[in-house]
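Student: here is a sequence with its predicted model. Questions after.
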Amino acid sequence: MNINLTLFGQMIAFICFVVFCMRFVWPPIIAAMAEREKKIADGLAAADRANDDLAVAKETVAQELQQAKAEAAGIVDAANKRAVQILDEAKEAALAEAERLKESAITDIEQERQRAKEQLRGELSALTMQGAQKVLGVEINQNTHERLIEELAENW
Amino acid sequence: MAGDNQTVSEYIVHHLTNLTYGRLPEGFERTNAEGGIEKIGQGGSWVMAHGAEEIAAMGFFAIHVDSMLWSIGLGALFCWFFFRQSRRVSAESPSGSIALVEMIVEFVDNTVKDTFHGKNALIAPLALTIFVWVFLMNLMDLIPVDLIPWALSTGIETIGFVGVEYQKIVPSTDPNITMGMAVGVFILMLFYSIKVKRFGFVKELTMNPFNHPLFIPVNLFMETVGLLAKPFSLGLRLFGNMYAGEMIFILIAALFSAGLLWVLPAAILQIGWAIFHILVITLQAFIFMVLTIVYLSMAHEDH
């Protein structure tokens, strides 16, 4: 347990190691750790901001969705109305057409009836002549009885 | 192991002797290898000491080669390892040994921040150096006491070289080493006391605790004792703890040679003490670091 020059040797070594550590070891390690700390803090702040942004975006989306729904409902309403309108128009047109067809059919029938009447009237004179001939047993001259027949047909 | 021709006390003393290189004074009579007596000539002679008598004769002009080499070697190991990691650290995620280094650095940094409130770029690297270096020096205590001395003496002789006679591998069991560091810290304390407080430091030494001019001699005496007690407590606490721990290891090692019956108890004691010592070496390194920070913090603050 002698105190000797080793004491000074150790002191010198101590100073050298401390200076080395102070110069070359401590600063880069502490700098890197501080940088990492800052990076992590920044990252957390960015995450917070992103969360806020997300909330805002969600709200916007909800609003837009609602608006779109309202718009869609409006469109559907309009479409329904229009459909009803078209249906009504079509119904009206169909009714009109039906009326027109009916009318023209009635006209046709009337014409046909007139024509048949005319024809029958023509045929009647001949038939009457034949019948009268049979009854009278004589040939009735058409020209002679023209006026009589015509009178008959007129009243038929 | 206590050799065949060695008593237990010789064995213990041998283990407590440093490998010493020093100057033998003029007129010292030295016993050489052949048994003859050699007288040291004028101006003394620088030699490796053989035995306690020569070491005592060398006095102050001697150096403990083993303590110095182990201490500087471990300090260099610390510097190399931490320097290598400091080149590799980045803000990316650390891994493996970088994480270890960062953990120690952060631990030291927090301790310094808790205790030292001034601004001084020296304190934290100083604390880191002290903590890791003292820890490494203490750690040598866990290597079996006979292993390296045996390898350096008998081992080397077997290969055909001259063996090393003494070897103490735990630098912190050498008061020169612990006091060397404590005195280094003490010089820093004085330097910062004067630099920060200037005249206030003188006032602190003379006007405390009795604030009256008549009491200046009393105050000066008391404060000087208080001031000097700091490096002594710092250095001798570490030395005392490590020396005692080393002593127990040596005693346990001596127990192995006491007979076959003692091997098992000695082995159990060895393991128990080694496990306990893991705590002691870490704690002592931590205490040395914290006290250094506290003393330097006191040097920076007026109170």
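Tutor: Arrived safely.
Student: can we go C-alpha only for contacts and neighbour counts from here?
Tutor: Noted.
Student: measure how far the helix or strand containing residue A:62 is from the centre of its chain, please.
Tutor: Assigning secondary structure by DSSP states H and E places residue A:62 in helix A:26-136. Relative to the chain's own centre, helix A:26-136 is displaced by 7 Å; criterion: Cα atoms, centre = their mean, to the nearest Å.
Student: what packs against that helix?
Tutor: If you count contacts as 3 or more Cα pairs under 8 Å, 6 or more residues apart in numbering or on different chains; DSSP states H and E, helix A:26-136 packs onto helix A:142-155, helix B:65-88, helix B:96-115.
Student: to residue A:37, which of these lies closest?
Tutor: helix B:96-115 (12.1 Å; Cα to Cα).
Student: the closest one close to chain A?
Tutor: Yes - interface with chain A: helix B:96-115 contributes B:102, B:105 (Cα under 8 Å from any Cα of the partner chain).
Student: quick check: angle from that helix to helix A:26-136?
Tutor: Angle between the axes of helix B:96-115 and helix A:26-136 is 110 degrees (criterion: axes from the mean of the first three to the mean of the last three Cα atoms, to 10 degrees).
Student: is the next helix or strand after helix B:96-115 in proximity to chain A?
Tutor: Downstream of helix B:96-115, the first helix or strand assigned by DSSP H and E is helix B:123-139. Yes - Helix B:123-139 is in contact with chain A by Cα under 8 Å from any Cα, via B:125, B:126, B:129.
Student: of those, which is the most crowded?
Tutor: Neighbour counts for the residues of helix B:123-139 next to chain A (other Cα atoms under 10 Å in any protein chain shown) peak at residue B:129, which has 28 neighbours.
Student: so what's the residue count around the closest residue to that one other than its chain neighbours?
Tutor: Once flanking residues are discounted, residue B:129 sits nearest to residue A:18: 6.0 Å by Cα to Cα, 6 or more residues apart in numbering or on different chains. By other Cα under 10 Å, the residues close to residue A:18 number 23.
Student: which element, helix or strand, includes residue A:18?
Tutor: Going by DSSP H and E, residue A:18 is in helix A:6-20.
Student: quick one, what contacts residue B:278?
Tutor: B:139, B:142 (Cα atoms under 8 Å, 6 or more residues apart in numbering or on different chains).
Student: show me where pLDDT drops low in chain B?
Tutor: B:1-5, B:33, B:302-303 (pLDDT under 70).
Student: so which bits of it are right by chain A?
Tutor: By Cα under 8 Å from any Cα, the residues of chain B that approach chain A are B:56, B:59-64, B:67-68, B:71-72, B:75-76, B:79, B:82-83, B:86-87, B:89-92, B:102, B:105, B:121-122, B:125-126, B:129, B:174-177, B:179-181, B:183-184.
Student: hmm, the residue nearest to residue B:129 is touching residue B:126, no?
Tutor: Yes - counting by Cα atoms under 8 Å, residue A:18 does reach residue B:126; the two are 5.5 Å apart.
Student: would JSON lines of the residues of helix B:123-139 next to chain A with distance to residue B:32 be doable?
Tutor: Below are these laid out as JSON lines (distance: Cα to Cα, whole Å):
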{"residue": "B:125", "distance to residue B:32": "48"}
{"residue": "B:126", "distance to residue B:32": "45"}
{"residue": "B:129", "distance to residue B:32": "43"}
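Student: so who does residue B:91 touch?
Tutor: A:32, A:33, A:35, A:36, A:39.
Student: now do 10 Å
Tutor: A:29, A:31, A:32, A:33, A:34, A:35, A:36, A:37, A:38, A:39, A:40 (Cα atoms under 10 Å, 6 or more residues apart in numbering or on different chains).
Student: okay, now the fifth one: neighbour count?
Tutor: Same thing as residue A:34. Residues lying near residue A:34 (other Cα under 10 Å) number 13.
Student: related to what we said a few turns ago, run the angle between the helix holding residue A:18 and helix B:123-139 for me.
Tutor: Per the same axes, to 10 degrees, the angle that helix A:6-20 makes with helix B:123-139 is 130 degrees.
Student: mind listing what's buried in helix A:6-20?
Tutor: Of all the residues in helix A:6-20, those buried under the rule 16 or more other Cα atoms under 10 Å in any protein chain shown are A:6-11, A:13-15, A:17-20.
Student: can you show me the helices along the stretch 201-303 of chain B?
Tutor: For the stretch 201-303 of chain B, the helices defined by DSSP state H, counting those that start in this stretch cover B:216-256, B:263-300.
Student: so the helix holding residue A:18 versus helix B:65-88, what angle?
Tutor: Counting by the same axes, to 10 degrees, helix A:6-20 lies at 0 degrees to helix B:65-88.
Student: least confident secondary structure element in chain A?
Tutor: Least confident element among the helices and strands of chain A, by mean pLDDT, DSSP states H and E: helix A:142-155 (a mean of 73).
Student: report all helices and strands that that one contacts.
Tutor: Packed against helix A:142-155 by the contact rule (3 or more Cα pairs under 10 Å, 6 or more residues apart in numbering or on different chains; DSSP states H and E) you find helix A:26-136.
Student: nearest residue to residue B:37 other than its sequence neighbours?
Tutor: Nearest to residue B:37 is residue B:31, by Cα to Cα, 6+ apart, at 4.7 Å.
Student: near that neighbour, how many other residues are there?
Tutor: 13.
Student: try residue A:95
Tutor: 12.
Student: can you pull the buried residues of stretch B:46-57?
Tutor: B:48, B:49, B:50, B:51, B:54, B:55, B:57.
Student: low-confidence stretches in chain A?
Tutor: Judged by pLDDT under 70, chain A has its weakly predicted residues at A:1, A:137-142, A:144, A:156.
Student: residues contacting residue B:166?
Tutor: Residue B:166 touches B:14-20, B:49-51, B:65-66, B:149-150, B:152-153, counting by Cα under 10 Å, 6+ apart.
Student: rerun at 7 Å
Tutor: Going by Cα atoms under 7 Å, 6 or more residues apart in numbering or on different chains, residue B:166 touches B:17, B:18, B:19, B:149.
Student: centre of the chain to stretch B:114-123, how far?
Tutor: Stretch B:114-123 sits 25 Å away from the centroid of its parent chain (Cα atoms, centre = their mean).
Student: so what touches stretch B:214-230?
Tutor: B:205, B:206, B:207, B:208, B:209, B:210.
Student: which of these are buried? Put it as a ChimeraX command.
Tutor: Per 16+ other Cα under 10 Å, the buried members of the contacts of stretch B:214-230 correspond to this ChimeraX selection:
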select /B:205,206,207,208
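Student: list the contacts for the residue nearest to residue B:129?
Tutor: Contacts of residue A:18 by Cα under 7 Å, 6+ apart are B:125, B:126, B:129.
Student: out of these, the closest to residue B:295 would be?
Tutor: The shortest approach to residue B:295 among the contacts of residue A:18 belongs to residue B:126, at 12.6 Å (Cα to Cα).
Student: so which of the helices and strands packed on helix A:26-136 gets nearest residue A:24?
Tutor: Residue A:24 lies closest to helix B:65-88 among the helices and strands packed on helix A:26-136, at 6.7 Å (Cα to Cα).
Student: still on that earlier bit, and of the contacts of stretch B:214-230, the nearest to chain A?
Tutor: residue B:205 (26.0 Å; Cα to the nearest Cα).
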